[in-house]
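Enquirer: Here is a sequence with its predicted model. Questions after.
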Amino acid sequence: MDDQTLETLSHNCNYIVTDHSDDPSSNCEADSCGAPSLLYNSVLVPKIDVNIDTKFLDSTSYQTLETVTRVTEQIGGYIASMAERDVLDGNQEMCNNEEQIEDLGNKVQDTILEQIGENTASTDESDVLDRNQEMCSDDEQTLPILEKVEELGNKVQSLKKEHAVLCNEVKGITSDSFPGSEVFRALENLSSEHENLKNKYHEESELLKKKYLEECSERKRLYNEVIELKGNIRVFCRCRPLNQDEIANGSSSVVDFDSSQENELQITCSDSSKKQFKFDHVFRPEDNQEAVFVQTSPIVTSVLDGYNVCIFAYGQTGTGKTFTMEGTPENRGVNYRTLEDLFRISNERSSVMKCELFVSMLEVYNEKIRDLLIENSNQPAKKLEIKQGAEGTQEVPGLVEARVYGTNEVWELLKSGSRARAVGSTNANELSSRSHCLLRVTVKGESLINGQRTRSHLWLVDLAGSERVGRIEVEGGDCKTLMFVQISPNTTDLGETLCSLNFASRVRGIEHGPARKQADLTDLFKYKQMAEKAKHDDKEMKKLQDSIQSLQLRLAAREHICRSLQEKVRDLENQLAEERKTRLKQETRALAAVSVQSHQAQKAIAEKKATISSFKNEAASPKNHQFLAPTISFTASQGQDFRLPPPATTQVLQPKRRASIATFRPEPNSNVPTPLNNSNARPRTDRVLGRQSFVWDPQRVWRTSRVETTVEATPTAASRSRKFMGSPPTAQPGSWKPKHPTVIALQRKPLIWSPLKLRGMKSSRRSLLPS
Ligand SMILES: Nc1ncnc2c1ncn2[C@@H]1O[C@H](COP(=O)(O)OP(=O)(O)OP(=O)(O)O)[C@@H](O)[C@H]1O
């Protein structure tokens, strides 16, 4: 193929090779030219787009292109088939295919070139030229075909290289790289082993956690014990050096430190006598701030353990209280070092404890409290007061609490507090001598292991000059206290030095109760309030229950009374009814008896009359006139008159009525008060009647007695209730026998008229009633 032909072809053909290997989204979809790209087992087979403008190709070239497409498809097919097979086989296949691909690539290249060459040869030159001209006018951008072919060749080469690399990679992949059933089993074993280990680890970690907590509390306890053994009030004495002026004035020191006697000092008095003082630690003039803090820090650690701590400096003006507590930027004092230490320890414990630090600063001057951080918070001045908080702690409500995160911030706060302190007076030194400066550090801690919360305070106090303070009250509180007694060695300050040392010795002798660990009091207070409320509610409930119980008892008693009253009413009503019945019966029977007797009497009288008339007739004869028949008059209840012979007394025969008498009889062995055994209701003895009667007291009857009738009580009533004593015990209806003498007499002895009896009546009161 000559250059011209190639040039012509380059103008007529547009043959673009596009590499899609960077496109991760490419997949097995074939494009318009049928060149597939494959993604298999993370091996990206690059997709080749061969875009040839077919309008410039004849049928042969077109066939060639088809061949190329087919070949490409074959390559894709090989790769696809390789993908479908086992990787091991695929690996081998890949190696075999490598050569095939190479051959095919060469074949494709040759075929294209050959076909293009043939095509060029067979094409009419003039036609090609025409087309070339057309192409030039249509598309100036078309690349020469040779370049394209070369490019394609390069691509094929680079693909080969890539393929070779991939093959090597595939070779590296052995069957062991793929999970077989054994691998799965091993994995399962591993996973179960892992699970067991996890559980074991969890158990062990729980155990360790528990042990850790125990150890922590033990450490705290022991630490606290050590502090307590040292004394909850510890007194350190610090003597400042003689200053330049004093040295210049030739002043000498009155304080002696005996190196053999640690923690002791001697004061040479004006009379040359020596006074010895002993403290928990004695700092000499040459001891620096660091040495002071080494002794101070153990007590500071207690704050993080949840204990309240108070460190204060006491002493004459100019003895170094402020120097010890605040210090200078070069020689920082206890305040700064304490906070530094708190941050350090809280950071060390950060994995087990969450700590928040807050700082407040106040000044007590002329018995007024001034918030020294108020200037920072742009808040108006408030009247602050010390109040007794929950659990007896001293609180200052409304005091600014600044959260601090680091020592730099603390230093800034301390400086601004000191500035605020100085603002109040034109003479800062004068003010500092008269006022107390208090720095409060609040530590809020929360254990990340058991969630226990603590809230403790560290008070760092720089007191006013001791000579200005009338009296200091050290109260039996629950915090660990450290006092710095500051002294001057100067002879001129001897008096004040002795005063301070004496006071400090007394303070050291104070027996302080054991410090208590401070829980977060806000929660505690809340719970305490709730507990108190619950207690109060319990009490109220108990009271209510008691009153309900007593009301129930009263109600039951009243119900009982009511029931017994109802019972009594019923009994009395029954008794009354029975009595009425009995009385009615008695009267009826008595009347019936009287009527029978009167009837018999009438009959007898009629007989007697007949006898008498016959007797009269007999008597009419002279021999019989010696006897005078008497006249008898007798009045019966039925209105019949029985005339008795004079001078006999006429008596009206009436059925006698007898009222029932109710008596109260005590139950045998009964303590129930009755009219008989109750002196208030004792019955009067009716001597005339020979019976007992009583004064009726309805109330007593209802309350105490049982109503009983005497003999006259009805049998039914008696049988119903044993209250009716004296009634016939076996009385049955109809078998009852009257006891009324008249009735008995009338029943038993029928009145039979006899003149013989009339004779006996002359001298006595005549009666038809049996004696
Ligand atoms: N141990 C010391 N070493 C070096 N200098 C000291 C020491 N103690 C105190 N001073 C210095 O003595 C001076 C007075 O100290 P400072 O102001 O702390 O006394 P103070 O007791 O706080 O007085 P005031 O009661 O008036 O506030 C300061 O200049 C301070 O630097």
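Expert: Nice, thanks for sending it over.
Enquirer: Next to the ligand, which bits of the stretch 201-350 of the chain? Give me the list.
Expert: Arg240, Pro241, Gly315, Thr317, Gly318, Thr319, Gly320, Lys321, Thr322, Phe323 (CB under 6 Å from any ligand atom). Every C-beta, even on glycine, is put in place using the N, C-alpha and C of the backbone.
Enquirer: rerun that using 8 Å as the cut-off
Expert: By CB under 8 Å from any ligand atom, the residues of the stretch 201-350 of the chain that approach the ligand are 238-241, 243, 283, 285, 287-288, 313, 315-326, 328, 331.
Enquirer: Let's see the ChimeraX selection covering just the buried ones among these.
Expert: ChimeraX command restricting these to the buried ones, with burial defined by 16 or more other CB atoms under 10 Å:
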select :238,239,240,283,287,313,315,316,317,318,319,320,321,322,323,324,325,326
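Enquirer: Just the residues of the stretch 201-350 of the chain next to the ligand: which are in strands?
Expert: Using DSSP state E, Arg238, Cys239, Phe283, Ala313, Gly315 are the members of those that sit in strands.
Enquirer: Turn these into JSON lines, columns for distance to Ser614 and pLDDT.
Expert: What follows is those, written out as JSON lines (distance: CB to CB, whole Å; pLDDT from 0 to 100):
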{"residue": "Arg238", "distance to Ser614": "164", "pLDDT": "95"}
{"residue": "Cys239", "distance to Ser614": "168", "pLDDT": "94"}
{"residue": "Phe283", "distance to Ser614": "165", "pLDDT": "93"}
{"residue": "Ala313", "distance to Ser614": "158", "pLDDT": "92"}
{"residue": "Gly315", "distance to Ser614": "161", "pLDDT": "90"}
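Enquirer: which stretches of the stretch 151-300 of the chain have low pLDDT?
Expert: Across the stretch 151-300 of the chain, residues meeting the criterion (pLDDT under 70) sit at 173-180, 224, 227-232.
Enquirer: Report how many residues lie close to Val596.
Expert: By the measure other CB atoms under 10 Å, the count of residues near Val596 is 14.
Enquirer: wait, is it part of a strand?
Expert: No - counting by DSSP: H, G, I helix; E, B strand; the rest coil, Val596 is not part of a strand but helix.
Enquirer: Quick check: which element contains Lys354?
Expert: strand 353-365 (DSSP states H and E).
Enquirer: and the closest residue to the ligand within the stretch 451-600 of the chain, how many residues sit next to it?
Expert: The nearest approach of the stretch 451-600 of the chain to the ligand comes at Gly465, 4.0 Å away (CB to the nearest ligand atom). Using other CB under 10 Å as the criterion, Gly465 is surrounded by 20 other residues.
Enquirer: Kindly report the same for Gly417.
Expert: Gly417, neighbours per other CB under 10 Å, totals 25.
Enquirer: Repeat that for Ser181.
Expert: 7.
Enquirer: quick one: buried residues of stretch 592-606?
Expert: By neighbour count on 16+ other CB under 10 Å, the buried set for stretch 592-606 is Ala593, Val594, Gln597, Ser598, Ala601, Gln602, Ala604, Ile605.
Enquirer: quick one: pLDDT of the residue nearest to Cys437 when sequence neighbours are not counted?
Expert: Spatial nearest neighbour of Cys437, chain neighbours left out: Asp462 (4.4 Å); criterion: CB to CB, 6 or more residues apart in numbering. Looking at Asp462, its pLDDT is 86.
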